[in-house]
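J.: coords please:
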Amino acid sequence: MLLFTFVMDESPKHPKEKKNRNINIDETLFKRIGANDMEALEELYHLTERTLYAYILSIVKNHDETLDLMQDTYIKIMSSAHLYKPMGKPLAWMFTIARNLHISKIRKVNKEVNMESQEIADDLRFSYVTDSEDKIVLETALNILSEEERQIILLYAVSGFKHREIAESLGLKLSTTLSKYNRALKKIRVHLSEGREGHER
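T.: Sure, this is the predicted structure:
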């Protein structure tokens, strides 16, 4: 119930039992990956898989498609790593690859992404969200928040990113990130509260 507790707390902080994940990516990993060093790719994967999952899920809003796009992203990283220029923002580079692959896929199948409500089946298992109430919170976030709000909430709640790290990774000002974060939390709380009141009537 980490997500549920996190969202419904009026002064949300990282739950004590959730470790804060500070991701320190050695940018020389990309040079090694570019030289076909599979150990470097594996190291990058273990460092970033949870964060990349949260980011991609905020875009595609579907677990299976998220896993597919994650795989495509790491494959693209493998083939493009030799082009990486160290600038201190490796996650932003990875996010850009994921987003571009998603856009390319949409264009390829020549259809628009349906940004309306998308049900998450009760038996659908998220890699990092297993509690039933947490799934309700996640479904709410995917359905009612803007894409940017989803990215901020999921990177904070699922990946344990600090607001400063989220701002840097998404290319936003810290003040903008904080504002969107607080607005998104309020939307989720209101939606969940209204849902509970409806059941109690």
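J.: the strands in the protein, which residues?
T.: Using DSSP state E, no strands are found in the chain.
J.: for this protein, what's the longest helix?
T.: helix 174-200 (DSSP state H).
J.: nearest residue to R50 other than its sequence neighbours?
T.: S159 (5.5 Å; Cβ to Cβ, 6 or more residues apart in numbering). Yep, even glycine has a C-beta here, placed from its N, CA and C like the rest.
J.: hang on, isn't that neighbour packed against T51?
T.: Yes - counting by Cβ atoms under 8 Å, S159 touches T51, with 4.3 Å between them.
J.: coming back round to it: count the neighbours of the residue nearest to R50 for me.
T.: 22 (other Cβ atoms under 10 Å).
J.: same check, this time on E147
T.: The number of residues near E147, taken as other Cβ under 10 Å, comes to 14.
J.: again, but for E168
T.: For E168, using other Cβ under 10 Å, the count is 17.
J.: in stretch 79-88, what's buried?
T.: 81, 84 (16 or more other Cβ atoms under 10 Å).
J.: roughly how far out does the longest helix of the chain sit from the chain middle?
T.: 18 Å (Cα atoms, centre = their mean, to the nearest Å).
J.: mean confidence for it?
T.: When pLDDT is averaged over helix 174-200, the result is 82.
J.: wait, what's in contact with the residue lying closest to E49 once chain neighbours are set aside?
T.: On the basis of Cβ to Cβ, 6+ apart, the spatially nearest residue to E49 that is not a chain neighbour turns out to be M70, at 7.2 Å. Contacts for M70 (Cβ atoms under 8 Å, 6 or more residues apart in numbering) come out as 49, 52-53, 56, 98.
J.: what subset of those is buried?
T.: 52-53, 56, 98.
J.: what about the helices in the protein?
T.: Using DSSP H, helices in the chain cover 2-8, 28-34, 38-60, 63-80, 90-109, 132-144, 147-157, 163-170, 174-200.
J.: looking at the chain, which helix or strand is least sure?
T.: helix 2-8 (a mean of 57; mean pLDDT, DSSP states H and E).
J.: buried ones in stretch 137-145?
T.: 137-143, 145.
J.: please disregard the earlier target; I meant stretch 56-67.
T.: 56-63, 66.
J.: what's the pLDDT at A40?
T.: A40 is given a pLDDT of 94.
J.: alright, that wraps it up for me.
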